[in-house]
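>>> Predicted model follows, preceded by the sequence.
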Amino acid sequence: MPHGELVIELHNDSKNYRGLRPLRIAHLELRAGQSMALLGFDQVTAEVLVDLVTGATTPEAGEVIVFGEPTTAIADDQAWLKLLDRFGLLSERAVLVEQFTAEQNLIVPHTLDLEDVPDALRLDVRRLGEEIGLTPEELDAATGALSPAARLRIRLGRALATQPAVLLAEHPNASLSADDTAVFAADLSRIIARRALAALVMTADRTFAHAVSDEVLTLQPASGELKRAAGWRRWF
């Protein structure tokens, strides 16, 4: 998509999710090539927002527009699945098969035939593994035996597998140590920039937010306003 083109718009949205109050978003715009971090979303509200953006649910009030079309205009399951391919989801909700190697988990988005993987696909997956920071040893290891940092990188690889236009991240560094968070933030920022992705990153870690994003906004739950953080700078 052309750099700077609107990819996500939310206007006066409200979504009930059995919390104390609905999730409210007064106004949110994300453009192609822009990386934005959102503070003030817990795990549940982050999932609610992602489901709204991807058209998995619709708001009780307001409008969600993605790639120029309201999500209420999604015609059928086929159209929805086609839309989903334009998003990469970095989330604990992305299931990894513990018994598979990291490489196999990265192959799964392309084919379920793990016995006869074309050489070209295997080479692409190895290149992806290098891009997301997995060592050859980690690629060959059972996923269940890997560290939280390595497992997060597999999820990142899965999110990038469909060559998405937009990366949506739900508290990606929640399970990482401070040192691992700093390294991952630097790598994630580099990947977003190199791929010219639009990225919407929800996190409770202000330092991480500033490290991976061009703009950091904090949700005001009562009003739904997203306020800019003053005096921010990148830390990593």
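Sure, I can see it. Numbers count the residues shown, from 1 in each chain.

>>> Which stretches in the protein count as helices?
In the chain, the helices defined using DSSP state H lie at 43-53, 77-84, 102-107, 119-131, 136-140, 148-160, 178-195, 206-212.

>>> so where's this protein shaky on pLDDT?
1-2, 229-236 (pLDDT under 70).

>>> Just list the residues touching residue 55, thanks.
64, 66, 71, 74, 80, 83, 84 (Cβ atoms under 8 Å, 6 or more residues apart in numbering). Using the backbone N, CA and C atoms, a C-beta is placed for each residue, glycine as well.

>>> Could you do residue 7 as well?
1, 30, 31, 32, 66, 67, 165, 166, 198.

>>> And the residue lying closest to the third one once chain neighbours are set aside, how close does it get to residue 196?
In space, not counting the residues next to it along the chain, residue 31 is nearest to residue 4; the distance is 5.1 Å by Cβ to Cβ, 6 or more residues apart in numbering. For residue 4, the distance to residue 196 equals 11 Å [Cβ to Cβ, to the nearest Å].

>>> now residue 178
29 Å.

>>> So residue 204 sits against residue 172, correct?
No - using Cβ atoms under 8 Å, residue 204 is not in contact with residue 172; the gap is 11.0 Å.

>>> who's more crowded, the two?
residue 172 (25 against 15; other Cβ atoms under 10 Å).

>>> show me what contacts the residue nearest to residue 31?
With Cβ under 8 Å, 6+ apart, residue 4 has these contacts: 31, 32, 33, 34.

>>> neighbour-wise, which of the residues you listed leads?
residue 34 (22 neighbours).

>>> Distance check, that residue against residue 84.
Distance from residue 34 to residue 84, by Cβ to Cβ: 21 Å.

>>> and what of residue 153?
22 Å.

>>> Distance to residue 209 added to the contacts of residue 4, as TSV?
Converted to TSV, the contacts of residue 4 look like this (distance: Cβ to Cβ, whole Å):
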residue	distance to residue 209
31	18
32	20
33	18
34	14
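
>>> Which one of these is nearest to residue 148?
Using Cβ to Cβ, residue 34 comes nearest to residue 148 of the contacts of residue 4, at 28.2 Å.

>>> In contact with that closest one: list those residues for me.
So residue 34 contacts 4, 198, 199, 214, 215 (Cβ under 8 Å, 6+ apart).

>>> Would you check which pair of the residues you listed lies furthest apart?
4 and 199, at 14.5 Å, using Cβ to Cβ across the contacts of residue 34.

>>> roughly how far is stretch 63-74 from the heart of the chain?
19 Å (Cα atoms, centre = their mean, to the nearest Å).

>>> do the same with stretch 97-115
Stretch 97-115 sits 20 Å away from the centroid of its parent chain (Cα atoms, centre = their mean).

>>> same deal with stretch 33-44?
Once both centres are worked out by Cα atoms, centre = their mean, stretch 33-44 turns out to sit 10 Å from its chain's centre.

>>> Check stretch 170-183 too.
On Cα atoms, centre = their mean, the centre of stretch 170-183 falls 14 Å from the chain's centre.

>>> Now the terminal residues of that stretch, how far apart.
From its first residue to its last, stretch 170-183 covers 18 Å (Cα to Cα, to the nearest Å).

>>> tell me the contacts of the closest residue to residue 63 other than its chain neighbours?
Take residue 63 and drop its neighbours on the chain: the residue closest to it by Cβ to Cβ, 6+ apart is residue 11, 5.1 Å away. Going by Cβ under 8 Å, 6+ apart, residue 11 touches 27, 62, 63, 65.

>>> Good, wrapping up.
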